[in-house]
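In: Here's my sequence, what's the structure:
(one chain, ligands or ions: 2)
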Amino acid sequence: MHFSSNVKQFVLVLIVGIFLLLGYVLFYILYDRKERLNRLIIGTIQSGLILFCFFSRTDVVAVTPWLAPIVWEGTFDPDLVDIIYKSMNLTIATTVFAVGKYVRFLQDFLETAEKHFMVDFNVRYYVFTDRPDDVPSVNLSQGRHLSVIQVPGSNRWQEISARRMEIIQTAIERQISREADYIFCLDVDSKFHARWGAESLGRLVAVIHPWFYQATRDRFTYERRPASTAYIPMDEGDYYYAGAVFGGSVEDVYTLTKVCRNQLEEDARNSIEAAWQEESHLNRYLLYNKPSKLLSPEYQWDDKKTKTKEVKVIRFSSVIKNYAEIRPNV
Ligand SMILES: CC(=O)N[C@H]1[C@@H](OP(=O)(O)OP(=O)(O)OC[C@H]2O[C@@H](n3ccc(=O)[nH]c3=O)[C@H](O)[C@@H]2O)O[C@H](CO)[C@H](O)[C@@H]1O
Ligand SMILES: [Mn+2]
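Out: Residues are numbered from 1 along each chain as shown. Ligands and ions are numbered 1, 2, ... in the order given. Next comes the predicted model:
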């Protein structure tokens, strides 16, 4: 017979509960009063622990083999996280590229970020675009600021996507290192739907790609040609990380962008382009420089994908877009 994991869990808690109850009755009959009181206290703590296990996440893995947390709904206390981080007066930089027709995504991105992203923190958005006049004016809450930085356009989306590493590296050198403590680099073709808070902060942070979190390593679309600097052999790899979200301390992200930029340029000199451009290089970097925190696919869902039962909250997702219409090339 097949039971779902929730039913199994419920039956297990029921059986343990019955045993505890029987235990109480036995001790009540057999022991003196002081002993009974002690046992009652221990029993109450045990029941609390069992209830905690029942309500916390047992259906997902919430830690990596190198002991970095994987953030899922139900694995952290948002109020406690807020109390800890809000007293630090942190500034979070957020880079977003809107080159060519992608400026059309900015309005929803920024408006939903104002509702859900790092609410009550200092946030500095850095919008990189070739169309500064088309950047919409969005009302920002107190403590939030937006800079527009002009970048060249391109007739290849692969180049726009991949050049982000170099441009972010330069922006950190010129400006961001003096203006922020943490940084997140996000895709613009996305919307926020629910809390994305300080639980996501860490030295080096990556998100598990929504299409690969249930897949085995052999399915990961890493770059498999040894000629590329993004190469990952078949028997290596921890997770498949999405290129649409990475972050961490400004210093650590600076090193990441610098290494990926150099490798992208080395590949270009050798006339090789990794399977998924900067996403391939990001995956290679994170294999040998383990992230200190992973975000579950709640932080990078895809609107094309049906919600799975592990995903209790979608916090940020890629919107459905017409690739042929929006990109400069196919
Ligand atoms: C389904 C699919 O194809 N996924 C890949 C695709 O993701 P995506 O479909 O998410 O790529 P995308 O078109 O969103 O491009 C990434 C980001 O680059 C910026 N941008 C891109 C093109 C443009 O004309 N203007 C512009 O501003 C924009 O911020 C966008 O969010 O490409 C990435 C590029 O490495 C990754 O490899 C992904 O795995
Ligand atoms: Mn995207």
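
In: Only C-alpha atoms from now on, for both contacts and neighbour counts.
Out: OK.

In: In contact with the closest residue to ligand 1 within the stretch 101-250 of the chain, which residues?
Out: The nearest approach of the stretch 101-250 of the chain to ligand 1 comes at residue 187, 3.5 Å away (C-alpha to the nearest ligand atom). Contact analysis of residue 187 by C-alpha atoms under 8 Å, 6 or more residues apart in numbering lists 96, 97, 244, 245.

In: for it, phi and psi?
Out: phi -70, psi 140 (degrees, to the nearest 10).

In: Would you agree residue 262 falls within a helix?
Out: Yes: using DSSP: H, G, I helix; E, B strand; the rest coil, the assignment for residue 262 is a helix.

In: quick one: it from ligand 1, how far?
Out: 16 Å (C-alpha to the nearest ligand atom, to the nearest Å).

In: Tell me, how many residues neighbour that residue?
Out: Each residue near residue 262 was counted by other C-alpha atoms under 10 Å, and the total is 14.

In: pLDDT score for it?
Out: pLDDT, residue 262: 98.

In: still on that earlier bit, most neighbours among the contacts of residue 187, which one is it?
Out: The most crowded member of these is residue 97, carrying 26 neighbours; neighbours defined as other C-alpha under 10 Å.

In: Work out for me the element it sits within.
Out: Using DSSP states H and E, residue 97 maps to strand 91-98.

In: touching ligand 1 at all, the helix or strand following that strand?
Out: Of the helices and strands lying after strand 91-98 in sequence (DSSP H and E), the nearest is helix 106-116. No: Helix 106-116 lies out of reach of ligand 1 by C-alpha under 6 Å from any ligand atom, never closer than 9.3 Å.

In: Following the chain onward from helix 106-116, which element is next?
Out: Past helix 106-116, the next helix or strand by DSSP H and E is strand 122-129.

In: For this structure, give me the ranges with low pLDDT.
Out: Filtered on pLDDT under 70, the chain yields the residue ranges 1-9, 31-32, 36-37, 40, 44-45, 47-55.

In: how about the helices of it, start to end?
Out: Applying DSSP state H to the chain gives helices spanning 5-30, 33-55, 78-86, 106-116, 157-162, 164-171, 177-179, 250-269, 277-288, 323-326.

In: circling back: contacts made by the strand holding residue 97 with the rest, please.
Out: 104-106, 118, 121-130, 164, 168, 176, 179-188.

In: Tell me the residues of this structure that contact ligand 1?
Out: Going by C-alpha under 6 Å from any ligand atom, the residues of the chain near ligand 1 are 96-100, 102, 157, 160-161, 187-189, 243, 276-279, 327-328.

In: residues near residue 63, how many?
Out: 13.

In: Tell me which residues touch it, please.
Out: 69, 70.

In: still on that earlier bit, now distance to residue 303 too, for the contacts of residue 187, in a markdown table please.
Out: Output for these, formatted as a markdown table (distance: C-alpha to C-alpha, whole Å):
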| residue | distance to residue 303 |
| --- | --- |
| 96 | 19 |
| 97 | 20 |
| 244 | 14 |
| 245 | 16 |
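
In: Tell me the one of these nearest residue 294?
Out: Closest approach between the contacts of residue 187 and residue 294, by C-alpha to C-alpha: residue 245, at 10.7 Å.

In: ok, now how distant is the spatially closest residue to that closest one that is not a sequence neighbour from residue 229?
Out: With C-alpha to C-alpha, 6 or more residues apart in numbering as the criterion, residue 245 has its nearest non-adjacent residue at 4.8 Å, and that residue is residue 186. Distance of residue 186 to residue 229, computed by C-alpha to C-alpha, to the nearest Å: 23 Å.
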